[in-house]
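Trainee: can't give you the sequence, but here's the structure:
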């Protein structure tokens, strides 16, 4: 074991522009959401590996000898980016998780054990570990909570194995890994995402790894080199929705009215590209009033387009109406049909304005967080760089 203890965090994800249009070959901008998932890894001598997930009331442990037996006759190939379906099948049998089970708890357990066994596959003896993960992100809200979990796990286990460095030096609060090491973290996190989601795009784990803003177009993921941090209000309407049904509905509408819908998709593409250009200007020139005016206009335009596509919802209309009454601009983020929305906050927006909007939104039954977009990706922390509340949770298990 190269690491006795470490603390790691990774951000959530929001779609700034381009949701749904991206499925039809247009540009989308995915951005890190500074509601973070935190992990503590601790080496032990208990002869077992433990995972503690207080958010979902899951506390499990397994004997390392029993786990090692699952690798019997298995040839380690750490270079492979393909998911080992045979190992996943063995893990399902070992944990008594049925083939059809896709609940949060089951998927988190499978992803953890899979990455743990793959990373340490060629070790003579599997290490005794205790891992605790706690998240500020709500699960199942389309905010990249599973990807943040997989990124934290990958970074922690690769560090413990000595595959990547531990870049934190004395007196530092946080540290980042090299680009090559981040690529490796991202690769392993993508494996976790495949277990959890089946056929993910790779965007969520890339945002969790790199942070900032990522451009996603025709399967290509490109981090934007310099981006500003944007203050936002994140709202969860708590209205459940099916991404699959919503995506299918947009496709049907495009097929039914191609001459009407194609220009809408082209306009969303232009919104994403204009936003990308504006963010680049803000990073180089400094954020000016004109830039925020453009960002607000783009939010309004895109929200109207998403309504035209048929992925709006009365709860999202309420969010837009309430925030606009306070001079703030909002749009859905992700699949739509309920779910979450983001509201841009200018640097000069008074706390009293935000508080008044939040109060009204909470009265409508919504959950709200004031946070930011565009912050750092996966981080290695010193314990004193983590809030006391988070630290007390991580050290309680």
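Mentor: It's in. Computed from a predicted structure; not experimentally measured.

Trainee: hey, let's count contacts and neighbours off CA atoms from now on
Mentor: OK.

Trainee: what about the longest strand in the chain?
Mentor: Ranked by residue count and defined by DSSP state E, the top strand of the chain is strand 28-43.

Trainee: what about the stretch 1-150 of the chain, any weak spots by pLDDT?
Mentor: Residues of the stretch 1-150 of the chain that meet the criterion pLDDT under 70 lie in 1, 74-80.

Trainee: what about the helices in it?
Mentor: Secondary structure of the stretch 1-150 of the chain (DSSP state H, counting those that start in this stretch): helices located at 64-69, 85-95, 104-119, 145-161.

Trainee: including mean neighbour count and distance to residue 305, could the ones you listed go into a markdown table?
Mentor: As requested, these are arranged in a markdown table below (neighbours: other Cα atoms under 10 Å; distance: least, Cα to Cα, whole Å):
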| stretch | mean neighbour count | distance to residue 305 |
| --- | --- | --- |
| helix 64-69 | 14 | 51 |
| helix 85-95 | 14 | 40 |
| helix 104-119 | 19 | 32 |
| helix 145-161 | 28 | 27 |
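
Trainee: same list, those helices, but as TSV with distance to residue 135 please.
Mentor: As requested, these are exported to TSV (distance: least, Cα to Cα, whole Å):
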stretch	distance to residue 135
helix 64-69	26
helix 85-95	24
helix 104-119	13
helix 145-161	8
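
Trainee: between those, which gets nearest to residue 25?
Mentor: The closest of the helices of the stretch 1-150 of the chain to residue 25 is helix 145-161. By Cα to Cα, the value is 23.1 Å.

Trainee: next SSE after the closest one?
Mentor: As assigned by DSSP states H and E, the chain's next helix or strand after helix 145-161 is strand 174-175.

Trainee: elements contacting that next one?
Mentor: On a contact count with 3 or more Cα pairs under 8 Å, 6 or more residues apart in numbering; DSSP states H and E, strand 174-175 meets strand 379-381.

Trainee: from the chain's centre, how far out does the strand it packs on sit?
Mentor: The chain centroid and the centroid of strand 379-381 are separated by 16 Å, computed with Cα atoms, centre = their mean, to the nearest Å.

Trainee: so where's the stretch 151-300 of the chain shaky on pLDDT?
Mentor: Looking along the stretch 151-300 of the chain with the criterion set at pLDDT under 70, you get no residues whatsoever.

Trainee: any idea how many residues pack against the closest residue to residue 68 other than its chain neighbours?
Mentor: Leaving aside its chain neighbours, residue 68 sits nearest to residue 126 (6.7 Å; criterion: Cα to Cα, 6 or more residues apart in numbering). Neighbouring residues of residue 126 were enumerated by other Cα atoms under 10 Å; the total is 21.

Trainee: circling back to that earlier point, so the longest strand of the chain versus helix 145-161, what angle?
Mentor: Here strand 28-43 runs at 40 degrees with respect to helix 145-161, directions being taken by axes from the mean of the first three to the mean of the last three Cα atoms, to 10 degrees.

Trainee: tell me what strand 28-43 is packed against?
Mentor: Other helices and strands packing on strand 28-43, by 3+ Cα pairs under 8 Å, 6+ apart, are strand 5-17, strand 129-135, helix 145-161, helix 203-210, strand 213-217, helix 258-285, strand 367-373, helix 388-394.

Trainee: and the fifth one, how far from the chain's centre?
Mentor: Right, strand 213-217. Using Cα atoms, centre = their mean, the distance between the centre of strand 213-217 and that of its chain works out at 14 Å.

Trainee: renumber starting at 46 from here on
Mentor: Yes, from this point I'll number from 46; that puts the last item at strand 258-262.

Trainee: ok, and what's touching it?
Mentor: Applying Cα atoms under 8 Å, 6 or more residues apart in numbering, the set of residues contacting strand 258-262 from outside is 67, 70-77, 248, 252, 266-269, 272, 419.

Trainee: quick one: name whatever helix or strand follows it.
Mentor: strand 265-268.

Trainee: after that next one, which helix or strand is next? Please name it.
Mentor: Next along the chain from strand 265-268, counting by DSSP H and E, comes strand 275-281.

Trainee: parallel or antiparallel, which strands does that next one pair with?
Mentor: strand 385-390 (antiparallel), strand 412-418 (antiparallel) (DSSP bridges).

Trainee: of the ones you listed, which approaches residue 166 most closely?
Mentor: Among these, the nearest to residue 166 by Cα to Cα is strand 412-418 (36.9 Å).

Trainee: what are the buried residues along the closest one?
Mentor: Along strand 412-418, these residues count as buried under the neighbour rule (16 or more other Cα atoms under 10 Å): 412, 413, 415, 417, 418.

Trainee: quickly note the distance from the residue nearest to the third one when sequence neighbours are not counted to residue 319.
Mentor: In space, residue 415 comes closest to residue 278 once its chain neighbours are excluded; the distance is 4.5 Å by Cα to Cα, 6+ apart. Note on residue 278: its distance to residue 319, by Cα to Cα, to the nearest Å, is 22 Å.

Trainee: more neighbours: which of those two?
Mentor: residue 278 (21 against 15).

Trainee: on that earlier part again, could I get the helices and strands packed on strand 73-88 as a markdown table with distance to residue 164?
Mentor: Supplementary listing: the helices and strands packed on strand 73-88 in a markdown table, determined by distance: least, Cα to Cα, whole Å:
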| stretch | distance to residue 164 |
| --- | --- |
| strand 50-62 | 17 |
| strand 174-180 | 13 |
| helix 190-206 | 7 |
| helix 248-255 | 18 |
| strand 258-262 | 27 |
| helix 303-330 | 37 |
| strand 412-418 | 31 |
| helix 433-439 | 23 |
